[in-house]
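Asks: attaching a predicted model along with its sequence, questions to come.
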Amino acid sequence: MGGVVPEATHIRRIVVESAPALFALPCLDRECKEGGHDVTHSIVRALIAGETRFEGDHTCSGRVGTGDCNRVLHYVGIATYR
């Protein structure tokens, strides 16, 4: 089991000269309670290192019914610098 859910594929372009950063995304499971994906630390670390491409996975820590959600978000970032 597993794979990419086509409806969940999303591209968002973010242009920022200088600003505080927060990369927090909601869990896409409608039944998930108190879950989500805060990938701020990983993305900021990659940007500070000057990486032009980075990717990672984050497991939701929310709850679905009486069990853990465990839905996995896979993200890919492409950065350009001046």
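Replies: In hand now; what should we look at?
Asks: poorly predicted segments of the protein, please.
Replies: 1-13, 16-17, 19 (pLDDT under 70).
Asks: can you pull out the helices in it?
Replies: For the chain, helices defined by DSSP state H occupy the ranges 40-48.
Asks: my guess is residue 73 contacts residue 58, does it?
Replies: Yes: if you go by Cβ atoms under 8 Å, residue 73 and residue 58 touch, sitting 4.8 Å apart. Using the backbone N, CA and C atoms, a C-beta is placed for each residue, glycine as well.
Asks: shared neighbours, these two?
Replies: Both residue 73 and residue 58 are contacted by 37, 39, under the criterion Cβ atoms under 8 Å, 6 or more residues apart in numbering.
Asks: distance of residue 21 from residue 78?
Replies: Separation of residue 21 from residue 78 (Cβ to Cβ, to the nearest Å): 16 Å.
Asks: to clarify, my last question referred to residue 59.
Replies: Taking Cβ to Cβ, one finds residue 59 at 23 Å from residue 78.
Asks: before we move on, what about residue 50?
Replies: Taking Cβ to Cβ, one finds residue 50 at 13 Å from residue 78.
Asks: comparing these two, which shows the higher neighbour count?
Replies: residue 78 (11 against 8; other Cβ atoms under 10 Å).
Asks: show me the beta-bridge partners of that one.
Replies: For residue 78, the beta-bridge partners are residue 53 (DSSP bridges).
Asks: oh, and call the first residue 819 from now on, that's how I've got it
Replies: Sounds good: first residue 819 from here, last item residue 896.
Asks: surely it is in contact with residue 871?
Replies: Yes: using Cβ under 8 Å, residue 896 is in contact with residue 871, at 5.4 Å.
Asks: if I look at the closest residue to residue 882 other than its chain neighbours, how far off is residue 884?
Replies: Distances taken as Cβ to Cβ, 6 or more residues apart in numbering put residue 849 closest to residue 882, at 4.9 Å, once the chain neighbours are dropped. The gap separating residue 849 from residue 884 is 11 Å, by Cβ to Cβ.
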